[in-house]
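Generate coordinates for the sequence data below:
(one chain, ligands or ions: 1)
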Amino acid sequence: MNCRKLFCAFYLRQKNYRVIEIYFKDYVHHNFKPPTEREIELLIQTLHRENADIIGLSVRAGGYYRMASELTRILKADFDVPVIWGGMHVTMDPENSLASCDGVMIGESEATICELMEALENSRPLTEIKGLWYKDKDNRIIRNPLRPLLENLDDLPFRDFHSHEYKYSIDGNTVKRGDPYSDQTGYLMMSARGCLFNCAYCDVSALRKVYAGLGKFYRACSPQRVIEECLYAKKQFPKLRRFRFDDELFCMNDGYLEEFCRLYQEKVRLPFEILTDPRVVRAERLQKLKQAGLDTIMMGIQNIGRINSKYYNRHVGDEQVIAAAEAIHKVNIKPCYQILLDDPHVGEDDNRELFELLLKLPRPFDLYLFSLSYWPRTDITERYIADGSIRPEDVEGHNDKCLKQFRVDLTWPRDKNRTFWYSLYTLLSKPVPLCIVKAIAESRWLRAHPEPVRMLAQLLNFLKLAELAWQMLIRGELTWNTIKRWVNLDSLAIS
Ligand code: B12
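Residues are numbered from 1 along each chain as shown. Now for the predicted structure:
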């Protein structure tokens, strides 16, 4: 599976190991197609040609679990080498993951993988390698303790965008050589790990349990290190037009921001976007970021205050959300608000209340509507299994909903009330006059027959997608990877 951020590859290359990266299939929001027989054949051929001694699979999301298990079974039949897994899903559910492969690495694995390679090379025992669980030659499971979290993220090398001869991508029944991201116009930057908050639905609530007692959870790279990586990326990708900081929470410490903004404005000078939370939004911070180049901000709202606080461990009042939205509007940064839907505990009145909250936010804004997924070990997963509102089979790994319904697709089977309100939320992020949206909201008939509202929302989504693509084309930001990621005619996932 694809894992662009696998720093481990570069780590190993620095130690003179020959690492082949295969991007097997690519990312999509919905409708992930399992590999074809031809693609599996190409994978096997590539691995044979490269004479692999050990095979590692990055299982980023629980939805890939079954696919990764099947792939591992096929590979084990063809290759007499260990197959190990790592990645976010493995970290959250190592026990199940190990059932399908020879070894798993839990958590941050840069040092773990190097120690494993050194041990295998020198025939040393694996019992001392922290972060590794494996099956020994008698098929007994050995669970080594975990490794402390990295203290200083500045010690990590930049990702390796060179080494084209060691990279392949397999998709669409063909294999291509070279880094699949060499034409990228937007650079996804991870400048921090962990989060200050602990929202119950987020993978962070599971990771905090995994890493309990193993060090500081939220860590950010220094501003100097972030700027160095930006400059490296600019040099590496001549077509680069923007940076996106994909950290759960961009560091908003005032001293940090001061330094980051100064350096970014002076040295990088490209537009950028960040993810944030109403609890850290302040007008002065936004002003500084805007001056440095921030043009788009993703802010989690998730739901109305009552739901956020009752179920999500997010104690953010509606007034705080409105104040943050007003601050963003004032400094003229494009807002994208993130909403979490399809929660079995959220009822009809809550859906209406959320609509009313969204009505109070200054327009225009974009909305990213996400469908609640149940990751292993998160607080919400444990709570909802305990109260019977979901079954263990609904948890990602057993389930693969996150590959079918990550961003809300309005055609997904839902009750009429949800289809109605979700379609209305979608209209709010489009240039539809508010009086029309409000009139629809009051129509009892449409509430009972939401199909026309859904179709209107789908049509407006399509037009917005076309407009977005056009703008990106003009700005020179449209690449084949972007098209593959966003354009899915079965489910126009943009909302
Ligand atoms: C950036 C990102 C993306 C980018 C990826 C761009 C790219 N090409 O890499 C985009 C936007 C495309 C994306 C897409 C998706 N993502 Co995403 N993504 C992230 C994000 C924000 C960062 C991932 C990252 O790079 N982290 C930094 C690296 C260093 O950490 P890491 O990946 O965990 O890897 C470390 C270890 O896990 C381990 N490791 C990893 N792989 C391996 C392999 C081996 C062999 C070994 C030994 C070790 C090892 O070592 C690494 C170094 O320490 C995470 C959230 C997060 N903060 O982690 C979500 C996250 C991983 N994504 C998630 C999901 C669901 C998806 C999608 C399925 C969504 C969708 N339906 O489209 C797709 C799947 C894409 C794919 N093919 O894998 C979920 C997974 C949840 C779960 N527990 O299952 C997360 C946690 C976010 C969330 N909660 O919603 N994603």
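
can you list the domain ranges for this protein.
7-171, 184-396, 409-495 (automatic domain parsing).

For the ligand, which of those is the nearest?
domain 7-171 (2.0 Å; CB to the nearest ligand atom). To be clear about C-beta, it is placed using only N, CA and C from the backbone, and glycine gets the same treatment.

Excluding residues flanking it in the chain, which one is nearest Ile20?
Among residues not flanking Ile20 along the chain, Glu50 sits closest, at 4.7 Å (CB to CB, 6 or more residues apart in numbering).

Number of residues surrounding that neighbour?
Close neighbours of Glu50, defined as other CB atoms under 10 Å, add up to 14.

Does it touch Val19 like I think?
No - Glu50 lies out of contact with Val19 (CB atoms under 8 Å); the separation is 9.9 Å.

starting at the chain centroid, how far to the helix or strand where Leu456 lies?
Following DSSP states H and E, one finds Leu456 within helix 451-475. Chain-centre distance of helix 451-475: 23 Å, with CA atoms, centre = their mean, to the nearest Å.

Could you report the separation of the residue in the stretch 351-495 of the chain positioned nearest to the ligand from Glu108?
Closest approach of the stretch 351-495 of the chain to the ligand (CB to the nearest ligand atom) occurs at Phe406, with a separation of 3.3 Å. Using CB to CB, to the nearest Å, Phe406 is found at 24 Å from Glu108.

What of Val321?
Noted for Val321: a distance of 33 Å to Glu108, by CB to CB.

ok, those two, which is more surrounded?
The neighbour count for Val321 versus Glu108, taken as other CB under 10 Å, is higher for Val321 (25 against 22).

quick one: contacts for the more buried one?
278, 301, 305, 357, 361 (CB atoms under 8 Å, 6 or more residues apart in numbering).

Please apply the same query to Ile301.
The neighbours of Ile301, taking CB under 8 Å, 6+ apart as the test, are 278, 321, 337-339, 357.

Write out the residues of the stretch 151-300 of the chain neighbouring the ligand.
With CB under 6 Å from any ligand atom as the criterion, the stretch 151-300 of the chain meets the ligand at residues 188, 190, 202-203, 246, 248.

will you turn those residues into TSV that also has pLDDT?
Output for these, formatted as TSV (pLDDT from 0 to 100):
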residue	pLDDT
Leu188	93
Met190	95
Cys202	98
Asp203	96
Asp246	96
Glu248	94
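
Can you tell me how far the nearest residue to Arg282 once chain neighbours are set aside is from Leu286?
Closest residue to Arg282 apart from its sequence neighbours, by CB to CB, 6+ apart: Ala327 at 7.1 Å. Distance of Ala327 to Leu286, given as CB to CB: 6 Å.

go on, Asp93?
Look at Asp93 and Leu286: by CB to CB, they are 38 Å apart.

Look at these two and report which has more neighbours.
Using other CB under 10 Å as the criterion, Asp93 and Leu286 rank with Asp93 on top: 24 against 21.

Which parts of the helix holding Leu456 count as buried, going by neighbours?
453-454, 456-458, 460-461, 464-465, 468-469, 472 (16 or more other CB atoms under 10 Å).

Do a quick rundown of the helices in the stretch 251-400 of the chain.
254-263, 283-292, 305-311, 318-330, 348-359, 379-386 (DSSP state H, counting those that start in this stretch).

Dump those helices to TSV, plus mean pLDDT and distance to Ser100.
Output for the helices of the stretch 251-400 of the chain, formatted as TSV (pLDDT from 0 to 100; distance: least, CB to CB, whole Å):
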stretch	mean pLDDT	distance to Ser100
helix 254-263	97	41
helix 283-292	98	44
helix 305-311	98	32
helix 318-330	98	42
helix 348-359	97	39
helix 379-386	98	20
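
could I get these as TSV with distance to Gly178?
Listed next are the helices of the stretch 251-400 of the chain as TSV, based on distance: least, CB to CB, whole Å:
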stretch	distance to Gly178
helix 254-263	32
helix 283-292	33
helix 305-311	45
helix 318-330	39
helix 348-359	44
helix 379-386	39
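
quick one on the thing from earlier: need the max-distance pair from the residues of the stretch 151-300 of the chain next to the ligand.
Maximum pairwise distance among those (CB to CB): 18.6 Å, between Leu188 and Cys202.

the more surrounded of the two?
Cys202 (23 against 14).

Next, the contact list for that one, please.
By CB under 8 Å, 6+ apart, the residues touching Cys202 are 195, 248, 378.

between the residues you listed, which has the most around it?
Thr378 leads these on contacts (other CB under 10 Å) with 25 neighbours.

Residues of the stretch 301-450 of the chain that sit close to the ligand?
Contact residues (CB under 6 Å from any ligand atom) of the stretch 301-450 of the chain with the ligand: 375, 396, 402-403, 406.

rerun that using 8 Å as the cut-off
Applying CB under 8 Å from any ligand atom, we find that the stretch 301-450 of the chain lies next to the ligand at 370, 373, 375-376, 396-397, 402-403, 406-407.

Rebuild those as JSON lines, extending it with pLDDT and neighbour count.
Below are those laid out as JSON lines (pLDDT from 0 to 100; neighbours: other CB atoms under 10 Å):
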{"residue": "Phe370", "pLDDT": "97", "neighbour count": "19"}
{"residue": "Ser373", "pLDDT": "97", "neighbour count": "25"}
{"residue": "Trp375", "pLDDT": "98", "neighbour count": "24"}
{"residue": "Pro376", "pLDDT": "97", "neighbour count": "23"}
{"residue": "Glu396", "pLDDT": "97", "neighbour count": "24"}
{"residue": "Gly397", "pLDDT": "96", "neighbour count": "25"}
{"residue": "Cys402", "pLDDT": "93", "neighbour count": "22"}
{"residue": "Leu403", "pLDDT": "91", "neighbour count": "22"}
{"residue": "Phe406", "pLDDT": "92", "neighbour count": "18"}
{"residue": "Arg407", "pLDDT": "92", "neighbour count": "18"}
